[in-house]
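# Coordinates only, no sequence provided:
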């Protein structure tokens, strides 16, 4: 065993397997955005809140998210790590801030899983039994099937996950192109009048927050950094491609859908893409339902991938129980995967079977967009600190002065825009989502401080992944608290 310095031990031999190449990371990043599922899941709410103003509302958040993709690229090159954003915070700002960000990260991605799993079951039933009014038990059974299905590639490893994702990715891309071309060709036949009208300020701001759920996902390659064959070169690049790809998809899909479907049919529709596709291909609902279902399934296991890699990293560093940091014979964090998806099954069951708790969880899960936005906001703040105040805690990293001026301005801009939207959520969220959502989100944020206090009392460590080598800095609880 080679010691790497005082308080530093040699890394354990067991690590995540470095098997992913660049052509694995790009489909992961694009598919994790889930363009078809994202439009199907949020398009009806967006149309109801902002109408044609949905387009500028998405644009409000698109620029900060594009900037964030370059921020993730920068930080991934300096600090490749399965915990990504929460680890970056620990290295740059301090462990106290990192522990709070770990809570926000868990909420952001865990709260995104049930809202993907339940529609996966609903789309399946709509595809195989379009006129069947399924009871809760049947809905639960079909949803459980997709959760178990999502667990299979994850438990087999990153490479099988990437391979299966590539198949789903090809089908979704082909469907996107087909419907885009068909919509453009049919514009003259089924187009509707375009009326922006007076801008609904509250609706635009709410849609901008909701847009966080359709513009995220591309960051998955940063959480797969330790499984990349070139961890300081490839992670982050797939995210940039995914972020631009998502923006391109929406720039085509949303105008076509809004321009070819009466707004009153789209507003609050549970599946606006199906409404649009019915106008394009009457009597053939499967043509849109099938690719939406594949997009949803891919989004389910890729969102789980991000969460489980982050939870694995936290368990490895004993921020949470160390069992979450265990690997199976495929070098896969099986405890993190089974634990996260198992808890998701419990939440889904409560939603479907217990009406009172179902309403509560619907309220809680509606905050997923807020916490996703909060996660990217904290990442932008971390990058701003890194680019402006340097890295006095980081003697192993060298950043040339003034070498990232444009990115520094972008990180500051993203922090300001995202921070303003988070504050806006508390003002307009109750009107758009329902009374009590602001108090619910505030309580969850408060629990983050409790989580930071609890984890600060644990003896923790910081795992530094260095590509070909790694090291673990062991710290007592009081040292971790000092940040």
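Arrived safely. Everything numeric in this text was worked out from a predicted model, so none of it was measured.
# distance between stretch 54-67 and the chain's centre?
Distance, stretch centre to chain centre, for stretch 54-67: 16 Å (Cα atoms, centre = their mean, to the nearest Å).
# Tell me the buried residues in it?
54-55, 57-58, 60-62, 64-67 (16 or more other Cβ atoms under 10 Å). (Glycine included, C-beta is placed from N, CA and C.)
# same question, stretch 161-169
Of the residues in stretch 161-169, 161-162, 164-166, 168-169 count as buried by neighbour count, 16+ other Cβ under 10 Å.
# Between the residues you listed, which sits nearest residue 142?
Distances from these to residue 142 were compared by Cβ to Cβ; the smallest belongs to residue 168, at 18.1 Å.
# thought that closest one was touching residue 299?
No - distance between residue 168 and residue 299: 9.5 Å, which falls outside the contact criterion (Cβ atoms under 8 Å).
# Around residue 439, count how many other residues there are.
Residue neighbour count, defined by other Cβ atoms under 10 Å, stands at 12 for residue 439.
# What separation is there between it and residue 355?
Counting by Cβ to Cβ, to the nearest Å, the gap between residue 439 and residue 355 amounts to 21 Å.
# ditto for residue 262
Using Cβ to Cβ, one gets 33 Å for the distance from residue 262 to residue 355.
# low pLDDT regions in the stretch 351-483 of the chain?
Across the stretch 351-483 of the chain, the ranges flagged by pLDDT under 70 are 357-358, 361, 390-403, 432, 460, 464-483.
# ugh, wrong one, I meant the chain
Flagging of the chain using pLDDT under 70 yields the residue ranges 1-13, 357-358, 361, 390-403, 432, 460, 464-483.
# what do residue 168 and residue 299 both touch?
residue 31 (Cβ atoms under 8 Å, 6 or more residues apart in numbering).
# Now do the buried residues in stretch 325-336.
Residues of stretch 325-336 classed as buried by neighbour count (16+ other Cβ under 10 Å): 325, 327, 331-336.
# Please compute how far that stretch lies from its chain's middle.
For stretch 325-336, the separation from the chain centroid amounts to 22 Å (computed by Cα atoms, centre = their mean).
# who touches that stretch?
By Cβ under 8 Å, 6+ apart, the list of residues contacting stretch 325-336 from outside reads 14-17, 154-158, 307-309, 311-318, 323-324.
# what about 6 Å?
Contacts of stretch 325-336 from elsewhere in the structure, counted by Cβ atoms under 6 Å, 6 or more residues apart in numbering, are 14, 16-17, 155, 157, 308, 311-312, 315-316, 323-324.
# of those, closest to residue 118?
So of these, ranked by how close each gets to residue 118 (Cβ to Cβ), first place is residue 308, at 19.6 Å.
# Please identify the helix or strand for the closest residue to the closest one other than its chain neighbours.
Take residue 308 and drop its neighbours on the chain: the residue closest to it by Cβ to Cβ, 6 or more residues apart in numbering is residue 336, 4.2 Å away. When secondary structure is defined by DSSP states H and E, residue 336 falls within helix 334-353.
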